[in-house]
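# The sequence and its predicted three-dimensional model are supplied below.
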Amino acid sequence: MHTSSTPPRPAGRSGGRTVAAAEGLTKRYGRHVAVDDLSFEVPAGQVIGLLGPNGAGKTTAMKMLLGLVRPTAGSAHLLGTHLREPGFGHALRRTGALIEAPALYERLTARQNLQLQATALGLNIDATRIDELLELVDLVDRAGDRAGGYSLGMKQRLGIAVALIGDPALVILDEPANGLDPAGIVEIRHLLRRLPERGTTVLVSSHQLAEVEQASDSLLVLARGRLIASGTTDEILRGRESNTFTVRLEASEISAATAALAEEDIDIETFDEAIRVALPAHWSGRDLNGLLADRGVIASELRRDRINLEDAFLDMTANHGPKEELTHA
């Protein structure tokens, strides 16, 4: 785990080339600090997940990268260009974005929305390119329908297609699965995984643990505007231990084990031939084994459970704000 404000850069698939970077980014609104000394890099050819509860500063950080919000302090680079350099506009044209909600013309069809966005960007694209994008986001069958009649998931997918119209080197997506049903969430995840194969790097924010973990090559974890961890899931979990154990027993010994642990006010879950035991912080697996052995209960297996990303996040952010805002749907 890296907890400094300037984490090591993860190795990208394209030799470590960086397509976006934040250096000490800070944004204050009066006394409220939305983003606090935030530094990170986005390597080319990856899906990078920006993870954090609502209010962690994810959207504000993305807006500063795109030049939509002026930083109070610090700087940002997009495709090698500083946001205050004259060439930043060119970098923006090579970057797609979906921030907060898709900006769609609801009285126009999906095809018309894409064509209008291409025209706004000064792009001369043909019907084949639009068909490719519609196929990518699985909207070919509804391409002639007005966007106002789309479901939320379809609007999100069309918003992503609009962000991709210029064949960007980088696409920045803010909560693209927000409000979707499970099937829609899975569709977005599969879409994100396909984008690097097409040469597009992805920076995607989310507060949905399972989805961002499965879709991303590495993670940036924010809480109250600060970077508190970065790296792959394994890197973030390394060095963190669960104090929950799974104990396999003979079926005839379950009752004795349960009674012994209940006397110590230890929480347990019971299965057919196993129990899951949540030990107090000062207990070890050796203590658990000794307690059971004293009651004549011999475990055939006693295994410490692997801590998951949700548990690690709640532990990391215990002093950084509300826990209940992060979900694992």
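Ah, there it is.
# quick one: low-confidence parts of the stretch 151-300 of the chain?
Judged against pLDDT under 70, the low-scoring parts of the stretch 151-300 of the chain cover residues 239.
# Show the residue spans covered by the strands in it.
Assigned strands in the stretch 151-300 of the chain, in chain order: 170-174, 201-206, 218-223, 226-231, 244-248, 267-270, 274-278 (criterion: DSSP state E, counting those that start in this stretch).
# Name the stretch among the ones you listed that sits most buried.
Highest mean neighbour count of the strands of the stretch 151-300 of the chain: strand 201-206, a mean of 26 (counted as mean count of other Cβ atoms under 10 Å). Bear in mind the C-beta positions are built from the backbone N, C-alpha and C, glycine included.
# That strand: partners in the sheet, and parallel or antiparallel?
When sheet partners are counted by DSSP bridges, strand 201-206 sits next to strand 47-51 (parallel), strand 170-174 (parallel).
# how far off strand 218-223 does it point, in degrees?
40 degrees (axes from the mean of the first three to the mean of the last three Cα atoms, to 10 degrees).
# Could you export strand 201-206 as CSV, keeping only the C-alpha atoms?
Taking only C-alpha atoms (Å, rounded to 0.1, in the frame of the first residue of the first chain), the coordinates of strand 201-206 have been written out as CSV:
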residue,chain,number,x,y,z
THR,A,201,-6.8,4.5,-21.6
VAL,A,202,-9.6,4.7,-19.0
LEU,A,203,-9.8,6.7,-15.8
VAL,A,204,-13.1,5.7,-14.2
SER,A,205,-14.5,6.8,-10.8
SER,A,206,-16.9,4.7,-8.7
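# now the helices for the stretch 101-250 of the chain?
Counting by DSSP state H, counting those that start in this stretch, the stretch 101-250 of the chain has helices at residues 110-120, 127-136, 152-163, 182-194, 209-215, 233-237.
# Now tabulate those helices in TSV and tack on mean neighbour count.
What follows is those, written out as TSV (neighbours: other Cβ atoms under 10 Å):
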stretch	mean neighbour count
helix 110-120	19
helix 127-136	16
helix 152-163	23
helix 182-194	17
helix 209-215	21
helix 233-237	17
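# and Phe245, which of those is closest to it?
In terms of Cβ to Cβ, the element of the helices of the stretch 101-250 of the chain nearest to Phe245 is helix 233-237, at 17.2 Å.
# For the closest one, give me every contacting residue.
Contact partners of helix 233-237, identified using Cβ atoms under 8 Å, 6 or more residues apart in numbering, comprise 1-2, 213, 218-219, 221, 229-230, 306-309, 312.
# Apply 10 Å and report the result again.
Counting by Cβ atoms under 10 Å, 6 or more residues apart in numbering, the neighbours of helix 233-237 from elsewhere in the structure are 1-2, 8, 10, 49, 51, 209, 212-214, 216-219, 221, 228-231, 306-309, 311-313, 316.
# hmm, back to that, any chance of the strands paired with strand 201-206 in a markdown table, plus distance to Arg295?
Written out in a markdown table, the entries for those read as follows (distance: least, Cβ to Cβ, whole Å):
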| stretch | distance to Arg295 |
| --- | --- |
| strand 47-51 | 43 |
| strand 170-174 | 54 |
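# nearest to Asn289, of the ones you listed?
Going by Cβ to Cβ, the one of those nearest Asn289 is strand 47-51, 36.0 Å.
# That closest one: how far from the chain's middle?
Distance of strand 47-51 from its chain centroid, counting by Cα atoms, centre = their mean, to the nearest Å, is 4 Å.
# Mind checking the pLDDT average for it?
Per-residue pLDDT values across strand 47-51 average out to 93.
# what angle sits between that strand and helix 182-194?
Strand 47-51 and helix 182-194 meet at an angle of 130 degrees, taking the same axes, to 10 degrees as the criterion.
# What is the subsequent helix or strand relative to strand 47-51?
Moving toward the C-terminus from strand 47-51, the next helix or strand (DSSP states H and E) is helix 58-65.
# which residues are contacting whichever helix or strand comes after that next one?
Moving toward the C-terminus from helix 58-65, the next helix or strand (DSSP H and E) is strand 73-78. Identification of contacts with strand 73-78 by Cβ under 10 Å, 6+ apart yields 5, 18-28, 35-39, 41-42, 61, 64-67, 82-85, 87-88, 90-92, 94-95, 169-170, 172.
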